[in-house]
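Student: Sequence and predicted structure below; questions after.
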Amino acid sequence: MAETPELYMFRGSQFVIKAMAAMALKGMLPGDGSYVPREVPLALKGRMKLLPAPHTVPAMKWGKDIMTGSDNICRLLDEKFPDKPRLYPQDEKHRAEVRAMEDRIGTMYWANGYLTFCDGQEPFERWTAARVHEAVSGVPMVGGLLWTLAPKTILKMAAKAIESGWRDTCRKKGGKFAKYGDIPTCRRQEVWDETQQELKALDAIVAASPTGYLCGTPTPSAADLTLYGMLERWVGDSLFGGPEGFGPAQPAILKDTPHLTKLWTDLRGRFGESCSMHKFGDVAPLKTPLAPYTYAPWASTPSAAPSGCGGA
């Protein structure tokens, strides 16, 4: 009997959302038994004990194939289901176009994180409050007392710790992405303007596409799904939904991008309900360290854009 694939993830990851949407496009839906999700720690220190380097999500085990990175998962899915909608075109030139666009959008990961964790906006504060309240309420007597006496202080400390952690990740990444670790909140407009400029450029690309997808593919490609993961954080609810959840981190980010908005609506209609992380409920954690990766990565990568979340 074939071994059921396992997807290693943590909630809210843009690239886990991408991988889940890719599997859905191939007919693999959460909860239908086609794969088993396994939660790994959000903190890098915990993931280092369970996942091989670079310790990022998503990772997957499918029989003898063990891999990391949403791009490698998409490539494996094309190998497993060649007759289902393709994530990468078979034509080499067209495939290279999709890979380049996938890489281009992947670099938005850093602005995506900044405009989620470092801009001081109310949705992040609300989400942090809910998570902190859950944590301190689980500590008998002391936790509840502290929350009752100084909720604003606890919230401020927690939000600052999350922001600081994100900024440290950007600095460790280095290169052109290190700037996101140093731009102060008072200059958040710089990141907003830069991001909107790129989204408007993508809007023009979609406007010129004969199919409404980024690279003119007949169905969503890996590039479109990379964008979907980013937009689920900004205008969807990937970090937990509901009145006490995060909700959209930047609901106005698609302003003046009608073609991109139409693409987002299409992708959300396809995947928003069936691939919602909120449906998972309690996911069994990964307890045994994953064996070294065996699935050969792409022979060449357009640049250093990430295809997974959570690396140092």
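Tutor: Yep, it's here. Numbers count the residues shown, from 1 in each chain.
Student: need the strands for this structure, in chain order.
Tutor: 6-9, 36-39, 59-62, 65-68 (DSSP state E).
Student: got the residue ranges for the helices in the stretch 151-300 of the chain?
Tutor: 151-173, 188-208, 222-234, 258-271 (DSSP state H, counting those that start in this stretch).
Student: Tell me which of the strands of the chain is the most buried.
Tutor: Stretch with highest mean neighbour count among those: strand 59-62 (a mean of 25; mean count of other Cβ atoms under 10 Å). To be clear about C-beta, it is placed using only N, CA and C from the backbone, and glycine gets the same treatment.
Student: quick one: the residue lying closest to residue 262 once chain neighbours are set aside from residue 206, how far?
Tutor: Distances taken as Cβ to Cβ, 6 or more residues apart in numbering put residue 212 closest to residue 262, at 6.8 Å, once the chain neighbours are dropped. As for residue 212, its distance to residue 206 is 6 Å (criterion: Cβ to Cβ, to the nearest Å).
Student: okay, the helices of the stretch 151-300 of the chain in TSV with distance to residue 49 and mean pLDDT next?
Tutor: Formatted as TSV, those follow (distance: least, Cβ to Cβ, whole Å; pLDDT from 0 to 100):
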stretch	distance to residue 49	mean pLDDT
helix 151-173	18	75
helix 188-208	33	96
helix 222-234	26	95
helix 258-271	31	96
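Student: Can you say which of these is nearest to residue 11?
Tutor: helix 222-234 (11.3 Å; Cβ to Cβ).
Student: Can you give me the buried ones in that closest one?
Tutor: 222-234 (16 or more other Cβ atoms under 10 Å).
Student: Show me which of the residues you listed is closest to residue 286.
Tutor: Sorting the buried residues of helix 222-234 by how near they are to residue 286, with Cβ to Cβ, puts residue 229 at the top with 21.1 Å.
Student: Pull the contacting residues for the closest one.
Tutor: Contacts here follow Cβ atoms under 8 Å, 6 or more residues apart in numbering; on that basis residue 229 touches 13-18, 21, 70, 238.
Student: which among those gets closest to residue 111?
Tutor: Nearest to residue 111 out of those is residue 14 (Cβ to Cβ; 11.4 Å).
Student: Quick check: that closest one touching residue 232?
Tutor: Yes - using Cβ atoms under 8 Å, residue 14 makes contact with residue 232 at a distance of 7.0 Å.
Student: For residue 197, grab the count of nearby residues.
Tutor: For residue 197, the number of neighbouring residues by other Cβ atoms under 10 Å comes to 9.
Student: Going forward, count from 20.
Tutor: Fine by me, first position is 20 from now on; the one you just mentioned is residue 216.
Student: circling back to that earlier point, name the member of the contacts of residue 248 with the most neighbours.
Tutor: In terms of neighbours by other Cβ under 10 Å, the contacts of residue 248 top out with residue 89 at 34 neighbours.
Student: give me every residue that touches that residue.
Tutor: Residues counted as contacts of residue 89 (Cβ under 8 Å, 6+ apart) are 34-35, 37-38, 41, 77, 241, 244-245, 248, 326-327.
Student: cool, residue 37 as well?
Tutor: Applying Cβ under 8 Å, 6+ apart, we find residue 37 in contact with 89, 93, 241, 244-245, 247-248.
Student: Enumerate every residue touching residue 272.
Tutor: If a contact means Cβ under 8 Å, 6+ apart, then residue 272 has 134, 211, 214-215, 218, 250, 253-254 as its contacts.
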